[in-house]
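K.L.:
heads up, no residue letters with this:
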């Protein structure tokens, strides 16, 4: 269990004791025979399409550690949107929506999934035409968390960057993770760990890296910043008090910026601008912000009408000020050039199989610029020296191959530390494949910036009513490439090609529709280009 999941388990157990505020409006939307739905929460992708579920999901209380949006879309051309978070459940015959602001209805936008999505996003989150920096798409990203954990130092970070290049991987975006700063709410490097942070950033730039720093909205109590921010009214307060609320999170207990206060928002923005100017960093990894940190029942905000999701949305608005950004948690903001990442996955084949459904669901929610977590998994415990004997080197390679044919790929565990020479070579080849595909990926990303269409597309989105609604193990990368990643240790999988002429990665042609039984050796990821 990693740092985030420890806190989540504790926090959700506490939240379960706090009754959610009952909504005033219950809407029942009759489902049509064969109708299936996607959306609402990225992390629920492997549970989709929704038809019948015994669970009730509350968008106002839980973002499932990932992106959330008040948007559901169906293969029958309907979509549901609300400006406010709602609770919902499917019972097989109807979709029940519980909303605090009024009745929620389904809009008939077209005849299929794509038409429903296109009209829904045009009406509610039309893209602004801006794209994140191209380096996010063209080169791998590297995050220092798995290798350095809380021991982030100048020496170790520069060594990590040198090892990237020495082992034949290209320079890209380097994200310095948690514990570079003196304490939370302070935005200066630890002097004892970073004797020359500006020089470090300059040297990383000289090697071809862009540099991002991890940040959160938390402020350590009993610090000068805490006392100053509390006096100014920039922190979330206890209900009925002027005292700052103390929020439990995965690193302990902290105060938290109240981003519904425009002055607090601007103050934090200026702090981050100062970090950029003083140290030369390119941007920030915006961690935390999840709705379960905010509870209007026990907290007070400057905006007295604000909900938990409003704090999360403000966190996204802050990040939108910086082209180099990354978010694990988000509310709405689909029209903005925000880089999203899937929540931390563990090191298992089961977790690998979650990536495709989560990624296609992110696309159907409007989050086109999404990275499928960290290669091999994002949990520290899976990569300690003690866990080395349980490490599945084939799994790391298959994870890298899958990410190579996604919009973005991100390393954290150092492949050269945990892999033998054969598996390391294959990981390197995956990074090279991503670079090779970069011109096409960027073309599709630019299309997403202009139109809002996903980069990673569900098969049902591209080929409606052809039996693909339950297909969660292959996807379209744009409109030209069908990607069929290997998701099991035996290298075997079924590939379903729609109508058309397809050319695979080995140059072989197929005439669709056709079903293929493929056995892919470890050095191959099956993919197919539609010949037009």
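P.N.:
Received it, and whenever you're ready, just let me know what you need. Just so we're clear, the structure is a prediction, and the values are computed from it rather than from any experiment. Numbering: from 1, shown residues only.
K.L.:
quick one: contacts of whatever helix or strand residue 515 lives in?
P.N.:
Using DSSP states H and E, residue 515 sits within strand 509-519. With contacts defined as C-beta atoms under 8 Å, 6 or more residues apart in numbering, strand 509-519 is touched by 466, 484, 490-504, 526, 528, 531. Any C-beta I mention is one placed from the backbone N, CA and C, and that applies to glycine too.
K.L.:
which of these count as buried?
P.N.:
484, 491, 493, 495, 496, 497, 498, 502, 504, 526, 528 (16 or more other C-beta atoms under 10 Å).
K.L.:
now, which of the residues you listed sits nearest residue 114?
P.N.:
Residue 114 has its nearest neighbour among these in residue 498, at 13.7 Å by C-beta to C-beta.
K.L.:
leaving out chain neighbours, which residue sits closest to the closest one?
P.N.:
residue 463 (4.5 Å; C-beta to C-beta, 6 or more residues apart in numbering).
K.L.:
burial of the one you found, as a residue count?
P.N.:
Using other C-beta atoms under 10 Å, residue 463 has 24 neighbouring residues.
K.L.:
circling back to that earlier point, tell me the buried residues in the strand holding residue 515?
P.N.:
510, 512, 516.
K.L.:
repeat that for stretch 71-90.
P.N.:
71-82, 84-90.
K.L.:
correct me, but residue 446 touches residue 132?
P.N.:
No - with contact defined as C-beta atoms under 8 Å, residue 446 does not reach residue 132; the gap is 11.1 Å.
K.L.:
for residue 192, see how far away residue 119 is.
P.N.:
Distance of residue 119 to residue 192, given as C-beta to C-beta, to the nearest Å: 56 Å.
K.L.:
before we move on, the earlier item: select, from the buried ones among the contacts of strand 509-519, the two members most distant in space.
P.N.:
Longest span within the buried ones among the contacts of strand 509-519, C-beta to C-beta: 491 and 498, 23.5 Å.
K.L.:
could you chop this protein up by domain?
P.N.:
As assigned by automatic domain parsing, the chain contains the domains 3-124, 135-449, 455-531.
K.L.:
which one of the ones you listed has the lowest average pLDDT?
P.N.:
Here the lowest mean pLDDT among the domains of the chain goes to domain 3-124, at a mean of 85.
K.L.:
how far out from the middle of the chain is that domain?
P.N.:
Domain 3-124 sits 18 Å away from the centroid of its parent chain (C-alpha atoms, centre = their mean, to the nearest Å).
K.L.:
make 19 the first number, not 1, from now on.
P.N.:
Right, with 19 as the first residue, what we last looked at is domain 21-142.
K.L.:
now the phi/psi pair for residue 344, please.
P.N.:
phi -150, psi 140 (degrees, to the nearest 10).
K.L.:
who's it bridged to?
P.N.:
residue 303 (DSSP bridges).
K.L.:
cool, and residue 85?
P.N.:
Assigned bridge partners for residue 85, using DSSP bridges, are residue 348.
K.L.:
that one touches residue 60, doesn't it?
P.N.:
Yes - at 4.3 Å, residue 85 counts as touching residue 60 under the criterion of C-beta under 8 Å.
K.L.:
which residues are in contact with each of these two?
P.N.:
With C-beta under 8 Å, 6+ apart, residue 85 and residue 60 have common neighbours 358, 380, 383, 385, 388.
K.L.:
with adjacent residues omitted, what lies nearest to the first one?
P.N.:
So the one you mean is residue 358. residue 388 (4.3 Å).
K.L.:
what is the burial count for the one you found?
P.N.:
Considering only other C-beta under 10 Å, residue 388 is surrounded by 27 other residues.
K.L.:
all helices for the stretch 69-218 of the chain, in order.
P.N.:
131-142, 153-156, 163-166, 172-184, 215-224 (DSSP state H, counting those that start in this stretch).
K.L.:
and the buried residues of strand 527-537 as CSV, adding distance to residue 436?
P.N.:
Conversion of those to CSV gives the following (distance: C-beta to C-beta, whole Å):
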residue, distance to residue 436
528, 36
530, 39
534, 33
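K.L.:
closest one of these to residue 351?
P.N.:
residue 530 (37.1 Å).
K.L.:
any idea how far the residue lying closest to that closest one once chain neighbours are set aside is from residue 506?
P.N.:
Of all residues beyond its chain neighbours, the one nearest residue 530 is residue 515 (3.8 Å), with distances taken as C-beta to C-beta, 6+ apart. Taking C-beta to C-beta as the criterion, residue 515 is separated from residue 506 by 20 Å.
K.L.:
repeat for residue 199
P.N.:
Residue 199 is 42 Å from residue 506, by C-beta to C-beta.
K.L.:
more neighbours, the two?
P.N.:
residue 199 (22 against 12).
K.L.:
ok, that one - contacts?
P.N.:
By C-beta under 8 Å, 6+ apart, the neighbours of residue 199 are 205, 206, 207, 208, 231.
K.L.:
hmm, back to that, neighbour count winner among residue 137 and residue 210?
P.N.:
Using other C-beta under 10 Å, the more surrounded residue of residue 137 and residue 210 is residue 137, with 17 against 8.
K.L.:
having no further points to raise, I will conclude here.
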